[in-house]
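Undergrad: A structural model of the following input is requested.
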Amino acid sequence: MDVTHLAAVDSTRAARVLSEVRAARLSGQPTPVSPRPVIERSWERMLRGGIDPDHDVRADPLSREEVQRRRETSVLRHVLPVLREGLLAAADVAHHIMVVADEDGRVLWREGSPPVLRKADGLGFELGADWREDVVGTNGVGTPAVVRRPVQVFASEHFVRSQAGWTCAGAPLTDPRDGRLLGVVDVSGPLETMHPATLAWVGSVARLAEARLREMHSESLERLRAVAAPVLARLGGRALVVDPDGWTAAVSGMPYVRRVALPKSLSAGPIRLPALGPCSVEPLAGGWLVRAAADQPVPHGPARIVLDLGQARRRSVEVRGGAGSWVRELSPRHAELLYLLAVHRSGRSASELAGDVFGDPARTVTVRAEMSRVRRYLGAFLEHRPYRFAEGAEVEVLLPADPRDLLPHSAAPAVSRRRVAAAAP
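TA: A predicted model of the protein is given here:
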């Protein structure tokens, strides 16, 4: 049964069916219909995490001063005009509100129908509130942040009973440069306002916001390129100019690299970088001038690579030793690929990885494109034909406390099989 379409025709009946499904699932009885897979997996996470389905657990909201501080430092402030233009007018007419939360699940902006805003207050859906999934249960802010795709949650699909009179559709907002989660945009309202097209609408506006971020990044690199051109023209040897996040604006005397992995705290002076070896770094307006030492080979073989998959919302790879120590947050796809290479230390061909990730060994072009992106920041430590970690590299994988929570966003067949195997008695 398609609950979302039933809700559009008869929201009362749909809510009743979902209430029966939720009650049966929580009591361990057979359900009249199966919950949607994204909802069922979320419920399983809530049960394992000990979330009480019958009682609210509300973290203290942030102070107004802290909300304002986060607003001023959040990248999301740049795309608020896009979100407002795409969502607010229709949301107000449809008796919805628009909510924007940061990567920590904290509500930073909340606008729309005044009566609905007052109802949201009664749910604790207020400025500064914490709406992570592992705090308040399955919902349209926390769940999209975990699974990294748009999710609609209707009526008793919410895990906590007090939210059953609510409907919401949320989409993650990610940094288009590296897939890092920036936050979630959500459209919510009372049960009777549910519409099956809301999810597609919110997801489309979220993609427009990400396109605006991509455009802004291109503009900033163009400005930095104008600064870099006269500087590089006066230099000999290998040099490049990068923005504060390591994205390349211009190069001289060396092949173009899209991005250089920089340490979190960078200051002028000598440094070793994974892709370049010994370098000197100088500040420029809007970025850094990086000058590679002459005749230095690219370093290989890190002492240790730590793949951290223990957190549902953040995955990272840390390289320690060799060319120094640095950390990079991973996109969901790159987390999948590096996990599979860590599991298969002897290596995987492009065809094998395509089967692992997509269930289709023919999708090698997509795999090679993604691995090419991975190699831009981890290339000194990866081999290919087959793809594998460099011989001698020590690789450690940090898993979640419950292995069934491994990469919860992932629908890759190989990852799903490992979750199922972990759940087996």
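Undergrad: Geometric centre of the chain: which residue is closest?
TA: residue 181 (3.5 Å; CA atoms, centre = their mean).
Undergrad: Any regions of the stretch 151-300 of the chain where pLDDT drops low?
TA: 294-300 (pLDDT under 70).
Undergrad: which residue ranges form the strands in it?
TA: Counting by DSSP state E, counting those that start in this stretch, the stretch 151-300 of the chain has strands at residues 151-154, 166-174, 181-190, 239-242, 248-252, 269-273, 277-284, 287-292.
Undergrad: Please report the distance of the residue nearest to the centre of the chain from residue 349.
TA: With distances taken as CB to CB, to the nearest Å, residue 181 is found 31 Å from residue 349. Bear in mind the C-beta positions are built from the backbone N, C-alpha and C, glycine included.
Undergrad: just residue 197 next, same as before
TA: 42 Å.
Undergrad: on that earlier part again, give me every residue that touches the closest residue in space to the residue nearest to the centre of the chain that isn't next to it in sequence.
TA: Spatial nearest neighbour of residue 181, excluding adjacent residues (CB to CB, 6 or more residues apart in numbering): residue 103 at 4.9 Å. If a contact means CB atoms under 8 Å, 6 or more residues apart in numbering, then residue 103 has 145, 180, 181, 182, 183, 313 as its contacts.
Undergrad: Drop anything exposed from those residues.
TA: Among the contacts of residue 103, those classed as buried by 16 or more other CB atoms under 10 Å are 145, 180, 181, 182, 183, 313.
Undergrad: Turn those residues into a markdown table, columns for distance to residue 24.
TA: Shown next, in a markdown table, are these (distance: CB to CB, whole Å):
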| residue | distance to residue 24 |
| --- | --- |
| 145 | 28 |
| 180 | 39 |
| 181 | 33 |
| 182 | 37 |
| 183 | 34 |
| 313 | 30 |
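Undergrad: just curious, which of those is nearest to residue 151?
TA: residue 145 (9.4 Å; CB to CB).
Undergrad: and the gap between the closest one and residue 132?
TA: Distance, residue 145 to residue 132, using CB to CB: 7 Å.
Undergrad: The helix ranked longest in the chain packs against which elements?
TA: Criterion DSSP state H: the longest helix present in the chain is helix 198-233. When contacts are defined as 3 or more CB pairs under 8 Å, 6 or more residues apart in numbering; DSSP states H and E, helix 198-233 packs onto helix 80-83, strand 151-154, strand 166-174, strand 181-190, strand 239-242, strand 248-252, strand 277-284, strand 287-292.
Undergrad: which neighbours does the longest one have in its sheet, and in what orientation?
TA: To tie it back to what came earlier, the one meant is strand 181-190. strand 97-102 (antiparallel), strand 166-174 (antiparallel) (DSSP bridges).
Undergrad: out of those strands, which comes closest to residue 238?
TA: In terms of CB to CB, the element of these nearest to residue 238 is strand 166-174, at 32.4 Å.
Undergrad: What's the local residue count around the residue nearest to residue 229 when sequence neighbours are not counted?
TA: Excluding the flanking residues, the one nearest residue 229 by CB to CB, 6+ apart is residue 250, at 6.4 Å. Neighbours of residue 250 under the rule other CB atoms under 10 Å: 21.
Undergrad: Which of the buried ones among the contacts of residue 103 sits closest to residue 261?
TA: residue 180 (13.9 Å).
Undergrad: wait, the closest one sits on residue 329?
TA: Yes: counting by CB atoms under 8 Å, residue 180 does reach residue 329; the two are 4.9 Å apart.
Undergrad: buried stuff in stretch 206-218?
TA: 206, 209, 210, 212, 213, 217.
Undergrad: From the rest of the structure, what touches that stretch?
TA: Contact with stretch 206-218 is made by 75, 78-79, 82-83, 86, 150, 171-177, 185, 247, as judged by CB under 8 Å, 6+ apart.
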